[in-house]
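A.B. asks: Need a 3D model of the sequence below.
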Amino acid sequence: MNQINLQPGQKLRLGLNNGQNMYSSQVQDISKNGTILIDTPVYSGHLVPVRIGSIVQIIYFTKQGLFTFYAKVLNRFSGKLALLEIMPISSVERLQRRQYFRLEKVIPFTYTISGGEEDKVYKGLIQDISGGGLRCKVDKKLEVGTIINCVFTLDQEITVSGKVVRYEELLEKGYEIGLCYVDIDEKVREKIISYIFEEQRKSRQKGIE
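C.D. replies: As a prediction, the model looks like this:
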């Protein structure tokens, strides 16, 4: 089994029902025998019921990328903190970079051009977002290699820098560009990925309803 690179305090996503429902959690402790204590996820102010013996999917992010493994719920603890004790039962798999859970959603953003007129602010529309970059529509032609500083709002304001890796002139006015994040703070990337998971969970829930 590949090494699971988790640390106390690390954020993760917990998947139930074969990944149909994803929730936020956090590592509290890792024992010498390999079991992991994590927060019981909370949804709408209530603890999510997780049965002892159930199999859950764990997804987490490190500087090396996005990883996943499956674990069995061994125990539940209540008290000052509601915790789950889980034991990994599968090897760790690295999710492909393009598998960075891309979310198609139109999000307004503003940007400045690094190394140019950095006090001049332009507007654009994000077409889809992932933990690795953005696909955007802009009015200004931006050459490949150009770095822009972007500001947009998910459930909170996000500021990231991105390098233009491709651009395409649209039949209608403007350009479509692909951006790859540059020197992104991993905590910011984690916020983006968490937002994407939450939006995907909401979409699946609407489909069920």
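A.B. asks: going forward, measure contacts and count neighbours with C-alpha atoms only.
C.D. replies: Fine.
A.B. asks: Regarding Leu179, which helix or strand does it belong to?
C.D. replies: strand 175-182 (DSSP states H and E).
A.B. asks: Counting by contacts, list what that strand packs against.
C.D. replies: strand 133-138, strand 157-169 (3 or more CA pairs under 8 Å, 6 or more residues apart in numbering; DSSP states H and E).
A.B. asks: Take the shortest one, keep the C-alpha atoms, and write them as CSV.
C.D. replies: Right, strand 133-138. What follows is strand 133-138 as a C-alpha-only set of coordinates in CSV (Å, rounded to 0.1, in the frame of the first residue of the first chain):
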residue,chain,number,x,y,z
GLY,A,133,-6.4,26.6,-13.7
LEU,A,134,-9.2,28.5,-15.4
ARG,A,135,-10.9,28.8,-18.8
CYS,A,136,-12.0,32.4,-19.4
LYS,A,137,-13.5,34.7,-21.9
VAL,A,138,-11.9,38.2,-22.2
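A.B. asks: Next SSE downstream of that strand?
C.D. replies: strand 147-153.
A.B. asks: hang on, the earlier thing: for the strand holding Leu179, what is the distance to the chain centroid?
C.D. replies: Distance, stretch centre to chain centre, for strand 175-182: 18 Å (CA atoms, centre = their mean, to the nearest Å).
A.B. asks: Flag every buried residue along the very next helix or strand once past it.
C.D. replies: Following strand 175-182 in sequence order, the next helix or strand is helix 186-208 (DSSP H and E). Buried residues in helix 186-208, counted by 16 or more other CA atoms under 10 Å: 189-198, 200-201.
A.B. asks: Burial check on the residue lying closest to Val188 once chain neighbours are set aside, number of neighbours?
C.D. replies: In space, Val188 comes closest to Ile158 once its chain neighbours are excluded; the distance is 7.3 Å by CA to CA, 6 or more residues apart in numbering. For Ile158, the tally of surrounding residues (other CA atoms under 10 Å) stands at 15.
A.B. asks: Is Ile158 in contact with Asp185, as I believe?
C.D. replies: No: under the criterion of CA atoms under 8 Å, Ile158 makes no contact with Asp185, lying 10.8 Å away.
A.B. asks: that older thread, tell me which of the helices and strands packed on strand 175-182 lies nearest to Leu83.
C.D. replies: Closest of the helices and strands packed on strand 175-182 to Leu83 is strand 157-169, at 30.3 Å (criterion: CA to CA).
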